[in-house]
Each structure stands twice: as structure tokens, then as C-alpha cells.
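Asker: heads up, no residue letters with this:
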């Protein structure tokens, strides 16, 4: 298989490329980037299965030619509201598979609307296969599967764990995305219908085995994709956890951006300067053990919580990961992307069309593949995913204490 890695030398794409090369039978990879020097420097030490090319994906003719020479396109070039649909369209026209890490709900909906064309072309396109969305969607499917009827689903992540590895003169695309999804209005799913609301709304949820926790709403694809495929849902929300001080600061930033006083890019730059880069000492295992400790009643850094009915009674179930890929946000996003590319390459995803992760990939297959790629490594889905259930609270508390 030949994979065209758009932005394959970037923070997220680089982890995806290196993960693919760990395969027993690694694919041929073409690293494409607008900056030829960056692409060449990254590719030159990766072996003879990797080559590079200079590519400006805004050049539709050059993009189409590059896509046509591959079997699968792995797209990590943002912003997706600008490039997502055009790259996917090129893949459909060339009849090539596609996977990305799009984490904005607006372009996600635009790309999902191309489902009929992709299905007719006989390709599979998976939109949003990173940490959140991506791992979070897989956790949501597992959590909902514990209930007879899932009515509400929350996908959540820790804002403080989502820092870029390094900061520079320009803010990272991830930080710009975050500010964008914390300003203006976001699309949500409440009372069985899609609505538009301001983000950073406070919610309280009861996590089985941990207890009540405060979360805050943010715009994200999970909130709008999960109800497409799970018809019993009446509520779907993506939420974040962080400190009260951070929320105060975020609300001020949102007010300034919404008032036209500063731009989204400027706000993102300020946020990175204040927050700083990720601490390399904050390994996944360290963050998990600190945040899930029962005595702190902290929510996990990445989780899904489903509420509904079990045996005719109100019940809830939650799923979290017990480890994560090394490399901070870059690894947590890039490695799941590589897993999706691996599964597509192996023919493990048979559905044709454009899908969110929850509609195309089996959670068991996904977590079985992801587990050995985490740090520390897990044997598979059973070891990687910790499920807690409201109807087993005594066992749940004992399990959490033993685990952490």
C-alpha cells in the first residue's frame, strides 16, 4: 500500500508516519508538505520506504496528481474548514481511501455530506480519527453498549492535557482550533434535536465510581456525529475539564474575540504564551493516576459517559483509557490516525462512504490495535479500556483503587 501523508512531517502527522513504519510490513509513505526543506529533513532518516515531495494542497491540479499516485490519503493539514472538503473531493474523484484528524464540527458535517459520492466511488473515508474526536468516539460506543438504551452521551477530555509540545511565533493549529470552538456559537444536540448555543456552559455529571464532576461545553464533532448513528439519543455533548481559573480566563478570551477586540489567532497566541508547552514529565500514566484518584474526585483525561436504562432502571456507564500513546497531544492524535490507516490498509474496514469513526470502525478492533502502541503498552481492548457501571459501584470503587 502507498500512503500519501499530507502534513506528514508536522506534530501530528509525524507521529502517524513513525507509527506506520513500526508495522511488520510497513507501507510505502510519501510525505507531502508545502515546505520542501521540512519534508526532506524529516524523511531522510526514516528508511527506504519513505520519500517526500513539495505540495501546496491549495493547488488543486497538483493535489489531484499526488492523490492519484497513492492508495490512501492521510490528511493532517488544517484548517479543515479550508482544506478538508477539497482534499476529500480529490480522493473521491481519484477513488482513493481517506482518513484525517478533523476536530471542527463545521467541516466534519461538510465532509459527511459527501457520503453518497464516496459510496458510489467505492472508497472509505473516516473523518476525525485522533484522540478527540477518535478515541473518544470509540469509548462512547463501548459505554453506550453497556446499556439497554442509551439516551445521553458525553465525550470529555482534559484541557490541560491538550497543550502543544512546543510554542513559537505563531500559535499551533490545535490552539487556534480550541479558541475557535470556545467562541461564537456551537452546534449541540439536546432534547432530540440540533441546536446552537454558546460554549463554556457549566454541567455536572456523575461518573460511576468517581462521583460528581464539573465539566464545560465546547464545540466538537462528537456532539453532532454520534446522534447520526445512534437514534435513541436525546442528548450528545462534548465537554472539557479544567480549573476554575482557566475557565475564568477562557471566558474573558471568548468575550474579547466575540466582541471583535482581538482575533482568534491572536487569542490563541496569548493562550499558548500563558499556558506554555506541554510538560514532558506529564506522561499518560502519571496524568491518569493523578486525575482519576478517587480521593480527588477528578474526571479522567479522556472519557465517555452514557446515561440511559439498564434492566428497566436508570443507569450509567463510563469508559476511559488506562494508557495513551507517548508524545503528548501529538502522539495521542497521530497514533490513532495511523491505526485507522492500518485498518483500512488491511481491509478491516469494509463500509464504503464517508463516516465518523463510530460508524466505520469496531471499537474492539481499534483498541486491540492501539493498546500495544501505548506507553505503557496494553495487551488489547480489555486492558486498555476501563469500564465502570453505576449498578456495580462497590466493585467499581475497588477496581479503581486497585488500578491506581
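Answerer: Received, thanks. Please read all numbers here as calculations on a predicted model, not as lab measurements.
Asker: Against residue 179, how distant is residue 262?
Answerer: With distances taken as C-beta to C-beta, to the nearest Å, residue 262 is found 10 Å from residue 179. Bear in mind the C-beta positions are built from the backbone N, C-alpha and C, glycine included.
Asker: Repeat that for residue 326.
Answerer: According to C-beta to C-beta, residue 326 and residue 179 sit 27 Å apart.
Asker: The two: which is more packed in?
Answerer: The residue with more neighbours, out of residue 326 and residue 179, is residue 179; 23 against 18, by other C-beta atoms under 10 Å.
Asker: Average pLDDT for the host helix or strand of the more buried one, rounded please.
Answerer: Per DSSP states H and E, residue 179 falls inside helix 173-180. Taken as a whole, helix 173-180 has an average pLDDT of 77.
Asker: Can you tell me what sits against it?
Answerer: 11, 78-79, 103-104, 159, 162, 164, 218-219, 253, 257, 264-265, 267-268, 271-272, 329 (C-beta atoms under 8 Å, 6 or more residues apart in numbering).
Asker: Would you map out the domains in the chain?
Answerer: The chain breaks down into these domains under automatic domain parsing: 2-131+328-373, 135-326+381-389.
Asker: highest average neighbour count across those?
Answerer: domain 2-131+328-373 (a mean of 21; mean count of other C-beta atoms under 10 Å).
Asker: same question for that domain, mean pLDDT?
Answerer: For domain 2-131+328-373, mean pLDDT is 96.
Asker: what do you get for stretch 156-164?
Answerer: Mean predicted lDDT for stretch 156-164 stands at 77.
Asker: Where does pLDDT dip in the stretch 151-300 of the chain?
Answerer: 162-169, 273-297 (pLDDT under 70).
Asker: show me where it has strands.
Answerer: With strands called from DSSP state E, counting those that start in this stretch, the stretch 151-300 of the chain shows them at 186-190, 193-197, 202-207, 211-217, 235-241.
Asker: possible to save those as CSV with distance to residue 340?
Answerer: Below are these laid out as CSV (distance: least, C-beta to C-beta, whole Å):
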stretch, distance to residue 340
strand 186-190, 24
strand 193-197, 26
strand 202-207, 28
strand 211-217, 27
strand 235-241, 20
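Asker: show me what contacts residue 385?
Answerer: By C-beta under 8 Å, 6+ apart, residue 385 lies in contact with 139, 142, 319-322, 363, 367.
Asker: Those residues: which two are farthest apart?
Answerer: Maximum pairwise distance in the contacts of residue 385, criterion C-beta to C-beta, is 14.9 Å, between 322 and 363.
Asker: Residue 340 belongs to a helix?
Answerer: Yes - per DSSP: H, G, I helix; E, B strand; the rest coil, residue 340 lies within a helix segment.
Asker: ok, it - contacts?
Answerer: 99, 126, 129, 134, 349, 357, 361, 366.
Asker: Which of the helices or strands spans the nearest residue to the fourth one once chain neighbours are set aside?
Answerer: Sequence neighbours aside, residue 336 is the residue nearest to residue 134 in space, at 4.6 Å (criterion: C-beta to C-beta, 6 or more residues apart in numbering). Secondary-structure element containing residue 336, defined by DSSP H and E: helix 328-345.
Asker: Paired strands for the helix or strand that that helix is followed by, with orientation please.
Answerer: On the C-terminal side of helix 328-345, the nearest following helix or strand under DSSP H and E is strand 353-355. Strand 353-355 sits in its sheet next to strand 124-126 (parallel), going by DSSP bridges.
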